[in-house]
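*Asks:* Output the structure for:
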Amino acid sequence: LLIYKAFEANGETLDMERTEIAQEELQVTNGIANELDGSEGFDTDTFTQTMIDIKKELAELKQENGELSAEDIENLVYDIIERYNLKDLLTEENILKLIEFAKKYANSDAINSEEVIKQLDQLSKSLPKSIQDIYKKARDGGFIDRLIQLIKDFFASL
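*Replies:* A predicted model of the protein is given here:
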């Protein structure tokens, strides 16, 4: 709520659809990362790269083909999971959550944004090791859980 008010105070408005997609991405990725944290073979950097690639490749595929079918999206998610050797780590429920997120992302305006595509490309090329440290510090300090709760409370109050 404070984040939204800060933007509004500066005369900026947030795209609610993009905000909701970002919130869902945060919930899905945080939930899966917390579930798999400590599992043999799981690495948060690899999972972060997986999410970046899902969004980036969905955007590229949509630019090439125009519209994406549910099958296109599912195949892309499964291919990326295979690429990063996550198939044996992720549960079917985890995979379904990723597919549902990918479908929502593919049908949002965010996927059509050249700025978002460029940012994903840059992030993909320069994913720093420090992300893992930042994530762990935020998670261990309870920041991520508090942020998610704050966002949930905000949307529940609407």
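*Asks:* where does the protein have its least confident helix or strand?
*Replies:* helix 2-9 (a mean of 55; mean pLDDT, DSSP states H and E).
*Asks:* next SSE after that helix?
*Replies:* Following helix 2-9 in sequence order, the next helix or strand is helix 16-36 (DSSP states H and E).
*Asks:* What residues of that next one count as buried?
*Replies:* T19, I21, A22, Q23, E24, E25, V28, T29, N30, I32, A33, L36 (16 or more other C-beta atoms under 10 Å). (Each C-beta comes from the backbone N, C-alpha and C, glycine too.)
*Asks:* The spatially most central residue of the chain and I32, how far apart?
*Replies:* The residue lying closest to the centre of the chain (C-alpha atoms, centre = their mean) is E25, at 3.6 Å. Distance, E25 to I32, using C-beta to C-beta, to the nearest Å: 11 Å.
*Asks:* From the chain's centroid, how far away is stretch 43-62?
*Replies:* 8 Å (C-alpha atoms, centre = their mean, to the nearest Å).
*Asks:* er, stretch 39-56 actually
*Replies:* 10 Å.
*Asks:* Equivalent analysis for stretch 140-155, please.
*Replies:* On C-alpha atoms, centre = their mean, the centre of stretch 140-155 falls 16 Å from the chain's centre.
*Asks:* With stretch 49-63 instead?
*Replies:* 11 Å.
*Asks:* follow-up on the earlier one: pLDDT score assigned to the residue nearest to the centre of the chain?
*Replies:* Reported pLDDT at E25 in the predicted model: 87.
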